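In: Give me a 3D structure for the following:
(2 chains)
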Amino acid sequence: SQTIHQWPATLVQPVGSPLSLECTVEGTSNPNLYWYRQAAGRGLQLLFYSVGIGQISSEVPQNLSASRPQDRQFILSSKKLLLSDSGFYLCAWSSFSRYEQYFGPGTRLTVT
Amino acid sequence: AQSVAQPEDQVNVAEGNPLTVKCTYSVSGNPYLFWYVQYPNRGLQFLLKYITGDNLVKGSYGFEAEFNKSQTSFHLKKPSALVSDSALYFCAVRPDGSGNTGKLIFGQGTTLQVKP
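Out: You can find the predicted model right below:
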C-alpha cells in the first residue's frame, strides 16, 4: 500500500530564517506531487505541483520554491521566511490510474 | 473561471439525524468530483469520488454523495450522523482537460458539527 510522509510535524522559525520541508511517498512510482498551504484551518492554496523528477510548476508567485530531486521526494524551501509564510503545509500525491489525491499528515509552520 | 462552491460555512445536525453538506461546481466539460474530510491538525482524508456511472456514489464511513449534472451539484450525505463525524469537509473537482497534472480545485470547506 502507499504511504506519504511529511516532516517535521511542527516547526517554529524566526523571520528571515531558511526553510526546508520534506515529503516522501512510498509504494508507488512516478507519482504527481503537490504542495498546498492551508491558512486558518480553511481553504487550500495549491503552491506547487510536479509531474516528474525536476519538473516543478508554480501556481502562485511567492517567497517559496520547490524541488523534486528524486521520484518520490518533494521539498518545499525558502531562503528567508516571512510572517505571512505561517500556516499548515500539506503534501499530496496522485497517479495516472487514480483520480484522487492522497494527503500527508501536514507540517504546522509558525514564523515568529 | 472554474470554481467549486460550498455555500455553508457550518452545518449543525443532531446525532442520529441525516446530514447533507452542499457543493456546487462550475467547470467546463465532464468533471471528476471528490469529497475529503479533515480532522483538526491532520491531513485531508479521501471519502469518495464520482467519475462516471451511477449518480449516487458510496464512500468511507457510511458517507454517500449524489451527482446532479443539471444542477452542477455533488452534495455529501449520511443517513445517520455521529458525533465523530464532526470535522471540516472539502469538495473538490478535477476539471476535464486537466491533462496529466491531476490538479484539483477545492471548495472553501464546510465545518460539520454533530451534537449529542
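
In: Tell me, how many residues neighbour residue 36?
Out: Defaulting to chain A. Taking other CB atoms under 10 Å in any protein chain shown as the criterion, the count of residues near residue A:36 is 26. Heads up, the C-betas are built off the backbone N, CA and C, glycines and all.

In: try chain B instead
Out: As a burial measure, residue B:36 scores 27 neighbours (other CB under 10 Å).

In: Helix, strand, or coil at it?
Out: strand (DSSP: H, G, I helix; E, B strand; the rest coil).

In: what's it in contact with, if anything?
Out: Shown in contact with residue B:36 (CB atoms under 8 Å, 6 or more residues apart in numbering or on different chains): A:103, B:44-47, B:89-90, B:92.

In: Repeat the analysis, applying 6 Å as the threshold.
Out: Listed by CB atoms under 6 Å, 6 or more residues apart in numbering or on different chains, the contact partners of residue B:36 are B:44, B:46, B:90.

In: any idea how far it is from residue B:14?
Out: Between residue B:36 and residue B:14 the distance, using CB to CB, to the nearest Å, works out to 24 Å.

In: Need the per-residue pLDDT for the residue of chain A most remote from its centre.
Out: Relative to the centre of chain A, and counting by CA atoms, centre = their mean, the farthest-placed residue is residue A:97 at 21.8 Å. Residue A:97 carries a pLDDT score of 79 in this model.

In: Equivalent analysis for the one 5 residues further on, please.
Out: Residue A:102 is assigned a pLDDT of 97 by the prediction.

In: Now name the helix or strand holding it.
Out: Applying DSSP states H and E as the criterion places residue A:102 in strand A:98-103.

In: Could I get the full set of strands for chain A?
Out: A:3-7, A:10-13, A:19-26, A:32-38, A:44-52, A:55-58, A:65-70, A:73-78, A:87-95, A:98-103, A:107-111 (DSSP state E).

In: out of these, nearest to residue B:79?
Out: Across the strands of chain A, residue B:79 has its closest neighbour in strand A:98-103 (23.4 Å, CB to CB).

In: The closest one relative to strand A:44-52, how many degrees between them?
Out: Inter-element angle recorded for strand A:98-103 and strand A:44-52: 120 degrees (by axes from the mean of the first three to the mean of the last three CA atoms, to 10 degrees).
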